[in-house]
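1. quick one: sequence and predicted model below, then my questions.
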Amino acid sequence: MHTLIAVWFGWVNHWGYLGIVLLMAMESSIFPVPSEVVIPPAAFLIAQGKMSFWGVVLAGTVGSYLGSAITYWVSRWLGRAVVVRWGKYIFVSEQKLAMAEHWMHRYEAGGIFFARLLPVIRHLISIPAGIVRMGFGMFSLMTVVGSFIWCVVLAKLGKMAYDVQPDLINDPQGLISFIKNQSHWIVGGILVLAILYFLVLKLTAKPEKPTPCPEPTE
């Protein structure tokens, strides 16, 4: 894994915005590329004047959307049975899929938005969205907005890491640990917002109309 992280760091360093697009597309599909190894290293390059902040955020958002859209359409075409049967070979276990499906059914369209801001669920949520044939327009909107915000957060955390320890660019594992430690409070806040969103859905849901009983026949 350490070798892969070093390779991904190299993609960002040598390929620039294209490397960010490719890696974030992989991160938003079935490939286990953590977004923490993509945007934060780019933030170091921003601090060095080699890249622009909004260029990095835009590249990350575009990559996230491309990966999510491809996964959505593939899942929609294949269906759940195929994903469950073969998912284990692409790091998507039935347990993870069930968790993503449960998340989406609970939070509906807002679940796509919140999922883009949370680890584990973020790269899986496109699969159940495709399987249940969620409207692609709404899926795209929530994916783009959520991905944009997450890229901004990671870029800010990367800038923070550079200000504290500028030599972390040479220590991929150390940079990932720093970003994860700093992002705990952000993930906690997102979870709180997700819970509040769920409560609002519950409280504002229209009561189901009782099914009328058939009249007895004589």
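-> Nice, thanks for sending it over.
2. ok, Leu22 to Ile179 distance?
-> The spacing between Leu22 and Ile179, counted by Cβ to Cβ, to the nearest Å, is 20 Å. Where you see a C-beta, it was placed from the backbone N, CA and C, and this is true even at glycine.
3. what about those two, which has more around it?
-> Ile179 (24 against 20; other Cβ atoms under 10 Å).
4. make sure that one is actually in contact with Gly158.
-> Yes: the pair Ile179 / Gly158 is scored as a contact, 7.1 Å apart, by Cβ atoms under 8 Å.
5. give me the common contacts of these two.
-> Pro40 (Cβ atoms under 8 Å, 6 or more residues apart in numbering).
6. quick one: name whatever helix or strand follows whichever strand or helix holds His14.
-> Assessed by DSSP states H and E, His14 sits inside helix 2-15. On the C-terminal side of helix 2-15, the nearest following helix or strand under DSSP H and E is helix 17-27.
7. elements contacting that following helix?
-> For helix 17-27, the helices and strands in contact under the criterion 3 or more Cβ pairs under 8 Å, 6 or more residues apart in numbering; DSSP states H and E are helix 2-15, helix 39-47, helix 53-78.
8. and the longest one, what other elements does it pack with?
-> This means helix 53-78. Helix 53-78 sits against helix 17-27, helix 39-47, helix 126-131, helix 136-164, with contacts defined as 3+ Cβ pairs under 8 Å, 6+ apart.
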